[in-house]
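1. With the input below, show me the fold.
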Amino acid sequence: MLRNIQEWILILVIVGVLSIVGNYVGYDIMPLAAVPGMAMLIVICLAGFILKEIIPLNIPSIAYISILGVIVSMPWFPGADLVVKWTTEVNLLALTTPILAYAGIAIGRSWSDFAKLGWRTLIVASLVMIGTFLGSAVVAEIILRFQGII
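-> Numbers count the residues shown, from 1 in each chain. Below is the predicted model of the structure:
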């Protein structure tokens, strides 16, 4: 378990640093302003990973991470004001780029497993991506027209 924790910390810190850089480049938020929020997000993720290993239920770690994140940001939780203030300095889109890059690397490492799934998987994946893109475009179009922006 200690080896897993070390790997998790390393991955979370790498994603955190890349996210802070993306936060600065894309959204002009100074890195020192984003460090406390990123540290809080890293601690929440690490706690969720550890809970996944400790609790003998078959629940994904993302559920633990989400529940912890909601709990520590509730108004009645001690220090919730600081948690919300710090994490507000971390833009969500700055987090997605390194996370998606890591997911791509993880898939790339198991390309042979992906290839075993067959050609049908490529068709389904393509249709899912096209559907997601078109669905997002339709929702954006409706909202922008409703707001009078376009």
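2. Only C-alpha atoms from now on, for both contacts and neighbour counts.
-> Will do.
3. Which helix or which strand is home to Ile29?
-> For Ile29, there is no host helix or strand (DSSP states H and E).
4. where does it fall, phi/psi-wise?
-> Phi and psi for Ile29, reported as degrees, to the nearest 10, are phi -100, psi 120.
5. Touching, it and Asn23? I think so.
-> Yes - using C-alpha atoms under 8 Å, Ile29 is in contact with Asn23, at 5.9 Å.
6. Pick out whichever of those two has more residues nearby.
-> Asn23 (22 against 17; other C-alpha atoms under 10 Å).
7. ok, now how distant is that one from Tyr102?
-> Distance of Asn23 to Tyr102, given as C-alpha to C-alpha, to the nearest Å: 17 Å.
8. I'd like to know which elements the host helix or strand of Gly26 is packed against.
-> Applying DSSP H and E as the criterion places Gly26 in helix 2-27. Packed against helix 2-27, as judged by 3 or more C-alpha pairs under 8 Å, 6 or more residues apart in numbering; DSSP states H and E, are the following elements: helix 31-54, helix 92-109.
9. try 6 Å
-> helix 92-109 (3 or more C-alpha pairs under 6 Å, 6 or more residues apart in numbering; DSSP states H and E).
10. ok now the helix it packs on, how far from the chain's centre?
-> 9 Å (C-alpha atoms, centre = their mean, to the nearest Å).
11. List the buried residues of it.
-> By 16 or more other C-alpha atoms under 10 Å, the buried positions in helix 92-109 come out as Ala94, Leu95, Pro98, Ile99.
12. now these as a markdown table including pLDDT and distance to Ser19?
-> Converted to a markdown table, the buried residues of helix 92-109 look like this (pLDDT from 0 to 100; distance: C-alpha to C-alpha, whole Å):
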| residue | pLDDT | distance to Ser19 |
| --- | --- | --- |
| Ala94 | 83 | 5 |
| Leu95 | 83 | 5 |
| Pro98 | 78 | 7 |
| Ile99 | 77 | 9 |
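13. Just name the closest of those residues to Gln6, please.
-> Distance to Gln6, by C-alpha to C-alpha, is smallest for Ile99 among the buried residues of helix 92-109, at 18.1 Å.
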